[in-house]
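J.: My questions concern the predicted model and sequence given below.
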Amino acid sequence: MDIQVRVWRQQGPADKGRMVTYDVKDISPDASFLEMLDVLNEKLILDGDDPVAFDHDCREGICGMCGMMINGVAHGPERATTTCQLHMRHFKDGDTIDVEPWRAAAFPVIKDLVVNRSAFDEIIQAGGYITAPTGTAPDAHATPVPKPDADAAFEAATCIGCGACVAACPNGSSMLFTAAKVSHLGLLPQGQPERDSRVVDMLQAQDDAGFGGCTNMGECTTVCPKGIPLTLIGRLNNDYRKAIGKK
Amino acid sequence: MNFWTEGEDIADQAAPDGPIETRWERRRFSAKLVNPANRRKLSVIVVGTGLAGGSAAATLAEAGYKVRSYCYQDSPRRAHSIAAQGGINAAKNYRNDGDSIYRLFYDTVKGGDFRARESNVYRLAEVSVNIIDQCVAQGVPFAREYGGLLDNRSFGGTQVSRTFYARGQTGQQLLLGAYQAMERQIGLGNIEMHARHEMLELVVVDGKARGVVVRDLVTGEITTDLADAVVLASGGYGNVFFLSTNAKGCNVTASWRAHRKGALFANPCYTQIHPTCIPESGSHQSKLTLMSESLRNDGRVWVPKRGDDKRAPGDIPEEDRDYYLERIYPSFGNLVPRDIASRAAKNVCDEGRGVGPGGLGVYLDFADAIERLGQPAVEAKYGNLFEMYQRITGEDPYQVPMRIYPAVHYTMGGLWVDYDLQSTIPGLFVIGEANFSDHGANRLGASALMQGLADGYFVLPNTLNNYLAAGPFDQIDESHPEVVAARGQVEDRLARLLAVDGDRTVDSFHRELGHIMWEYCGMERTEEGLTKAIGLIRGLREEFWQRVKVPGTGEQLNQNLEKAGRVADFFELGELMCIDALHRAESAGGHFRAESQTPDGEALRHDDEYSYVAAWEFGETPVLHKEQLEFEYVHPSTRSYK
């Protein structure tokens, strides 16, 4: 199939940036979206142009490194799918596709489609862990965990930290990301001792990093490649109220 | 023509002898300690943040050392350990099915086709139980049963259920555990984290590893970082094949730079071809995707009995199907180890009975499991894998059998290390997939996660002390001639790559190298093919340095410059892999030499000649050093899964 892509090109943080149109010909419908960009880049290099910079690594939907706005939707038209797992069979011959980077105050553009998401690491540093230094652990069976809790914790823990939730949110909020971690750890018995401080500190870090506030729009969960549910934000808010109430 | 020369034998000086059950305990006791107050005066560089590097960095920082960590990704959470699906082995014997540390040890030595060190493997089995405890304490949400206790499943090459898992995302959950422990230490100021940085050279001063030269991938700035010890946790080299299940950025550069500086490289030809991957769909293919081995617990592998049977799989009746693994290996059936399952798939495809485009595929069929357990149960176990398959192929595996084919997945070879995980360069430690030490010629499923975390959480933090106890070492700074030289080497190399300005892209060279490696150094190797491959690689490497086109400059984010440096190192590694494969005129595990097979086509080892680790010294002509392997407990036998 032959398509046209309009790609955001931005040399660096100081550059204003602009959309540039390219033709990409003879793409297999079985190619992934990133493989389509590979084909474009091979051509750009041989033509003496600057190839499009984009983040990617595992290309199997789990590392969370890739991510771009495709026709205005984070990770493109398929639900619960990362950009690397989106295939060209979901587009039509002759389509024009817009490709832009995540746009959020807390994710500044580095180059083209590459953004800086280190603010996510700062949120985790603030409390997204259980303090259990190596060697201190009791036997794994010392504390049984009810299966429903373990399963729910797992669902929340599947977040890949790609940032689509932030990119989709009109407020540029990272609430779904933070809620996923607060829920994952808060649902487990091992996570109880730090449950209160965790939620308070992580929310503070989220504000400090420049993310916006949550107004329950739900755009985040719609684009989340792992389907992290909006209810986890309610859970976070509950935990937060309880933690503040104890102060 | 002589592709290699032979040097003196080497031995593992750090390994204790005596009863195997107490070797690790005695080594920990004999290792020197560092007083907690002195630890903060000692700095350690850790390259890579996967299961090995992440767990090591966190644990060393908890112990009080000053740690500086590097990764090429934008966050330590993205290292490729994250993609591991199936599970992690541990000898907990929670199933009461006869498992024990000794059995895990035995299975691993046998699974490695008697080409691994007994001492290392025993220690791995021993600490496996601590790993599960540690991960549960960190909040890793392993699968549980209704009573609230941990669930297990089986993996290839074993007859017990000892694999702990978190649906099909075990690697992700374990890595997030290590990452979170690391982030906690970053927050406390005990780890300085440098994401989007790539190590491009090792600094060796007075024979000791003292630092690294790194490139900031965003600004292109080249800096040096000096410390008391360097730990490489930079992963495997499967991407030498271009198409593999590795992440696109996985590379051998950190290991290869250390090798060029004097670290021996062991058993490079031992590569694991994973039997259950999604087949290639066309020339655009940029990587291959694994379908977890755990699927073989419930999926049945088959091809049509006749090659000309072109019916849809559902229309082929039982009597016209060949469940070849169950037929050839009745006692292990679909759960034979990876090397055996891969070669069996290749054999049926070579017979013309393969399915799908190009006849390069076999069926992995869940119809029986769905009928026996019901679709919801199958979904609960493998849901995310089925979804992934459907997304990539556009086919629904609940309705039609999956098509799978082997692909390069893991590399058992790596930098040579002693029992302390120290390379032949003092002060350079190597952990996880980057070293060679525990899996012999073939790794069992769910053992990579076990080894990465064993090395990082429990082994290295106990052995590194012994080295650092002699420190702090002489103060050196950036003006030291060795540091200046290392930095100069990096700058010259980058300048050379940019200066060629030829007419072929980096990827086109990488693809061509991958074809050569897959064709001649893949699932089946011959003397003739390997000799040919060495010539082809040399020619292609020469062409690379004359025709490669790297756009842009070194002073910016330049992903093609990053790739070019990695591919340049893959050329040199690829040649050494072929030389190693050529010299080892036997079949063992993932290394199958067509000249060395039993009458029924199974791998034939030659223990009298090849029961050693091949450790290669860098040079224009590589020099082979042999470390003889001794088996006191598990006596080498013909590995049979029939």
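T.: It's in. What you see is a predicted model, and the numbers here were worked out from it, not measured in a lab.
J.: Flag every buried residue along whatever helix or strand A:Leu40 lives in.
T.: Taking DSSP states H and E as the definition, A:Leu40 sits inside helix A:33-46. The neighbour-count check on helix A:33-46 (16 or more other C-beta atoms under 10 Å in any protein chain shown) flags A:33-41, A:43-45 as buried. Every C-beta, even on glycine, is put in place using the N, C-alpha and C of the backbone.
J.: Which SSE is immediately downstream of it?
T.: Using DSSP H and E, the first helix or strand after helix A:33-46 is strand A:69-70.
J.: List of residues touching the helix or strand following that following strand?
T.: Per DSSP H and E, the first helix or strand lying C-terminal to strand A:69-70 is strand A:73-74. Residues from elsewhere that reach strand A:73-74, judged by C-beta atoms under 8 Å, 6 or more residues apart in numbering or on different chains: A:67-68, A:102, A:164-165, A:167-168, A:223.
J.: Could I get the phi/psi values of the residue of chain A found nearest chain B?
T.: Nearest residue of chain A to chain B: A:Pro144, at 2.8 Å (C-beta to the nearest C-beta). Reported as degrees, to the nearest 10, the phi and psi values for A:Pro144 are phi -70, psi 150.
J.: quick one: B:Tyr419 and chain A, what's the gap?
T.: 20 Å (C-beta to the nearest C-beta, to the nearest Å).
J.: Pull the contacting residues for that residue.
T.: Contacts of B:Tyr419 were listed using C-beta under 8 Å, 6+ apart, and they are B:12, B:14-16, B:27, B:117, B:119-120, B:123, B:463.
J.: from those, which is closest to B:Asp608?
T.: Set against B:Asp608, the nearest of these by C-beta to C-beta is B:Arg117 (18.8 Å).
J.: what's the neighbour count on B:Leu464?
T.: 28 (other C-beta atoms under 10 Å in any protein chain shown).
J.: try B:Gly238
T.: 27.
J.: Thought B:Lys248 was touching it, still the case?
T.: No - in this structure, B:Gly238 is not within contact of B:Lys248 by C-beta atoms under 8 Å, at 11.6 Å.
J.: looking at this, B:Thr223 is in a strand?
T.: Yes - counting by DSSP: H, G, I helix; E, B strand; the rest coil, B:Thr223 falls inside a strand.
J.: Can you verify my assumption that it contacts B:Gly211?
T.: No - the criterion here is C-beta under 8 Å, and B:Thr223 misses it with B:Gly211 at 10.2 Å.
J.: about what we covered before: dump the residue contacts of the residue lying closest to the residue of chain A closest to chain B once chain neighbours are set aside.
T.: In space, and not counting its chain neighbours, A:Pro144 is closest to B:Gly148: 2.8 Å by C-beta to C-beta, 6 or more residues apart in numbering or on different chains. Applying C-beta under 8 Å, 6+ apart, we find B:Gly148 in contact with A:144-147, A:150.
J.: just A:Asp139 next, same as before
T.: B:Asp133.
J.: quick check, it in a helix?
T.: No - applying three-state DSSP, one finds A:Asp139 to be coil, outside a helix.
J.: Would you map the helices across chain A?
T.: A:33-46, A:118-125, A:147-157, A:164-168, A:175-186, A:195-208, A:219-223, A:231-246 (DSSP state H).
J.: Ok, which of those helices comes nearest A:Pro13?
T.: Comparing the helices of chain A by C-beta to C-beta, helix A:118-125 comes nearest, at 13.8 Å.
J.: show me where pLDDT drops low in chain B?
T.: B:1 (pLDDT under 70).
J.: For chain A, give me its nearest residue in it.
T.: In chain B, no residue comes nearer to chain A than B:Gly148, which is 2.8 Å away by C-beta to the nearest C-beta.
J.: Torsion angles phi and psi at that residue?
T.: B:Gly148 has phi and psi values of phi 90, psi 0 when expressed as degrees, to the nearest 10.
J.: the helices in the stretch 301-450 of chain B, which residues?
T.: For the stretch 301-450 of chain B, applying DSSP state H, counting those that start in this stretch gives helices covering B:324-328, B:338-350, B:367-373, B:375-393, B:448-453.
J.: and the ones you listed, which is most packed in?
T.: helix B:448-453 (a mean of 30; mean count of other C-beta atoms under 10 Å in any protein chain shown).
J.: following that helix, which helix or strand shows up next?
T.: helix B:460-468.
J.: B:Gly413 and B:Asn435 touch, don't they?
T.: No - B:Gly413 lies out of contact with B:Asn435 (C-beta under 8 Å); the separation is 9.2 Å.
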